[in-house]
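*Asks:* Here's my sequence, what's the structure:
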Amino acid sequence: MLFLFLLPSLFLRLALRCIRGQPRRKNERRRRVRTRLITALAAGLPLAASAQSQLNLTQGVTEVSNRVYDLHMTIFYICCVIGAIVFGAMFYSMWRHRKSKGYKPASFHENVKVEIAWTVIPFLILVGMAIPATSTLLAMEDTSEADVTVLVTGSQWKWHYKYLDRDVEYFSLLATPRQQIENRLDKGENYLLEVDRPLVIPTDTKVRFLITSDDVIHSWWVPDFAVKKDANPGFINEAWTKVDEPGIYRGQCAELCGKDHGFMPVVVIAKEPAEYQAWLDEQERMQREAKAEEQRLLAMSMSMDELMELGERVYLGNCAACHQPNGQGIPGVFPSLVGTEMMLNDINGHIDIVVNGKNGTAMQSFKNMLSLREIAAVVTYERNAWGNNTGDMVQAADVNAYVNE
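*Replies:* Below you'll find the model as predicted:
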């Protein structure tokens, strides 16, 4: 990192020497080498800048993220100065008082003044660092007077967003095509950092996030907001942001949470307040209509072909990551769905585990993620695929009756 800061200075010094010129008697070879060095340095400046942006802390797009970045750089520069002074004094002493010049080591045992100095000076430096750091930490934790509150729930391996002041909630899942993950297609620009339904928030508005988990520990992380909070089951952590400019901001789950931990991206779209309000109204209307349509469809029955077609889509999109596309699962980790007692003989138990999940396992509840029709279809599919062939058909009305028992 220090090389990146010294590189422009080195380039400038070499350039100035070339501009001033060298006497003709200087070796021509040395001049050619210097020219090549300057050319290489000039060509490398964009790469150095790119490396700095990737290796350094993200500057971010919010006031808090900029404060965090400034604090980080201030302490970094202080450490550089301390390192330069300490190592400079050490190397100078080693060179200036080397044995070949006849110097002999000092024989004193202690020096009270020096010991006081090297205790007091670091203490004052740490206090000087702690003051802005404490101010920044207090600002990061101040979630009061928020205009919008979003409940963020992590689960293996997706995020659920619920707007507490409106009747809008949905799941956000990885949208990267499976063919890219399996190297059958070229990786896209936002490989593993794209979702089907991003979180949408307004700009110039304080947004509070209540972060929790349904199963294991996750971590909701958006570098551009300087927000990284653990999602702990049974606990709620708070964070907030206030984005100044519209845009798309990406992050990831930052806590190892199981097999598909790398497939839990976070995507946030910041919209102008008027555009955000229109989007929120539209989402609320669509979800209200979807619930009404679901109730209407309870009186209708789907054919076996329709249930199997829909069930396969739901299974591949939500279940195959654990139980595998062939239903065989992963021995010792995720159970097989082929020829088991539940698949063949216990239809109520099958509906129950899909609706409510199973405590103490990775099997989560799909009650809030899938519609009644989708639950009915995936249960039907699992009971008739891979040679199970029970002939059982489960309709949305059956699932609704079970849920409301």
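*Asks:* which of the residues in stretch 210-217 are buried?
*Replies:* By neighbour count on 16 or more other C-beta atoms under 10 Å, the buried set for stretch 210-217 is 210-216. For the C-beta atoms, the positions are set from N, CA and C on the backbone; glycine is no exception.
*Asks:* for the protein, what spans make up the strands?
*Replies:* Assigned by DSSP state E, the chain shows strands spanning 148-155, 158-163, 168-172, 199-202, 207-213, 218-222, 227-231, 237-241, 247-253, 265-271.
*Asks:* hmm, which helix or strand of the protein has the shakiest average pLDDT?
*Replies:* Sorting the helices and strands of the chain by mean pLDDT, DSSP states H and E puts helix 2-20 at the bottom, at a mean of 38.
*Asks:* any idea where the helices of the chain begin and end?
*Replies:* 2-20, 28-55, 63-96, 112-141, 178-181, 273-297, 304-318, 320-323, 341-345, 347-356, 372-384, 396-403 (DSSP state H).
*Asks:* so where's the chain uncertain?
*Replies:* 1-53 (pLDDT under 70).
*Asks:* Can you tell me the centre-most residue of it?
*Replies:* For the chain, the residue nearest the mean C-alpha position is residue 252 (1.7 Å; C-alpha atoms, centre = their mean).
*Asks:* just to revisit the earlier point, ranking the strands of the chain by burial, who's on top?
*Replies:* strand 218-222 (a mean of 25; mean count of other C-beta atoms under 10 Å).
*Asks:* In the sheet, which strands lie alongside that strand, parallel or antiparallel?
*Replies:* strand 227-231 (antiparallel), strand 247-253 (antiparallel) (DSSP bridges).
*Asks:* could these go into a markdown table alongside distance to residue 280?
*Replies:* Compiled in a markdown table, these are given as follows (distance: least, C-beta to C-beta, whole Å):
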| stretch | distance to residue 280 |
| --- | --- |
| strand 227-231 | 21 |
| strand 247-253 | 18 |
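*Asks:* Residue 197: which of the helices of the chain is closest?
*Replies:* Comparison of the helices of the chain against residue 197 by C-beta to C-beta identifies helix 273-297 as nearest, at 9.6 Å.
*Asks:* how many degrees apart are that closest one and strand 148-155 in direction?
*Replies:* Between helix 273-297 and strand 148-155, the angle formed by their directions is 50 degrees, by axes from the mean of the first three to the mean of the last three C-alpha atoms, to 10 degrees.
*Asks:* now the angle between helix 396-403 and helix 273-297, please.
*Replies:* 100 degrees.
*Asks:* helices and strands around helix 273-297, which ones?
*Replies:* strand 168-172, strand 199-202, helix 372-384 (3 or more C-beta pairs under 8 Å, 6 or more residues apart in numbering; DSSP states H and E).
*Asks:* about what we covered before: against residue 83, how distant is the residue nearest to the centre of the chain?
*Replies:* Using C-beta to C-beta, to the nearest Å, we find residue 252 at a distance of 32 Å from residue 83.
*Asks:* and the chain, what are its domains?
*Replies:* Following automatic domain parsing, one finds the domains of the chain at 2-141, 148-294, 298-403.
*Asks:* Look up the closest residue to residue 339, ignoring the ones flanking it.
*Replies:* Using C-beta to C-beta, 6 or more residues apart in numbering and skipping residues adjacent in sequence, the residue nearest residue 339 is residue 388, 6.7 Å away.
*Asks:* Same check on residue 347?
*Replies:* Closest to residue 347 by C-beta to C-beta, 6+ apart is residue 392, at 5.8 Å.
*Asks:* Was I right to think the one you found contacts residue 381?
*Replies:* No. If you go by C-beta atoms under 8 Å, residue 392 and residue 381 don't touch, sitting 10.6 Å apart.
*Asks:* can you count the residues close to residue 389?
*Replies:* For residue 389, the tally of surrounding residues (other C-beta atoms under 10 Å) stands at 10.
*Asks:* go on, the one 3 residues further on?
*Replies:* For residue 392, the number of neighbouring residues by other C-beta under 10 Å comes to 18.
*Asks:* and it, what is it in contact with?
*Replies:* Residue 392 makes contacts with 347, 380, 383-384, as judged by C-beta atoms under 8 Å, 6 or more residues apart in numbering.
*Asks:* among those, which ones are buried?
*Replies:* Buried among the contacts of residue 392 (16+ other C-beta under 10 Å): 347, 380, 383-384.
*Asks:* can you redo those residues as a markdown table with distance to residue 162?
*Replies:* Listed next are the buried ones among the contacts of residue 392 as a markdown table, based on distance: C-beta to C-beta, whole Å:
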| residue | distance to residue 162 |
| --- | --- |
| 347 | 31 |
| 380 | 29 |
| 383 | 32 |
| 384 | 34 |
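*Asks:* which one of these is nearest residue 368?
*Replies:* residue 380 (20.4 Å).
*Asks:* How about the contacts made by the closest one?
*Replies:* 304, 307-308, 311, 392-394.
*Asks:* Select only the buried ones of those residues in PyMOL?
*Replies:* Those of the contacts of residue 380 that count as buried under 16+ other C-beta under 10 Å are selected in PyMOL with:
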select buried, resi 307+308+311+392+393+394
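*Asks:* Identify, from the contacts of residue 380, the entry nearest to residue 125.
*Replies:* residue 311 (64.4 Å).
*Asks:* what separates the closest residue to residue 59 other than its chain neighbours from residue 361, distance-wise?
*Replies:* Once flanking residues are discounted, residue 59 sits nearest to residue 69: 4.6 Å by C-beta to C-beta, 6+ apart. To residue 361, residue 69 is 42 Å away according to C-beta to C-beta.
*Asks:* So for the two, which residue has more residues nearby?
*Replies:* Between residue 69 and residue 361, counting by other C-beta under 10 Å, residue 69 is the more crowded of the two (16 against 11).
*Asks:* right, so of the strands of the chain, which gets closest to residue 191?
*Replies:* Of all those, strand 265-271 sits nearest to residue 191, with 9.7 Å by C-beta to C-beta.
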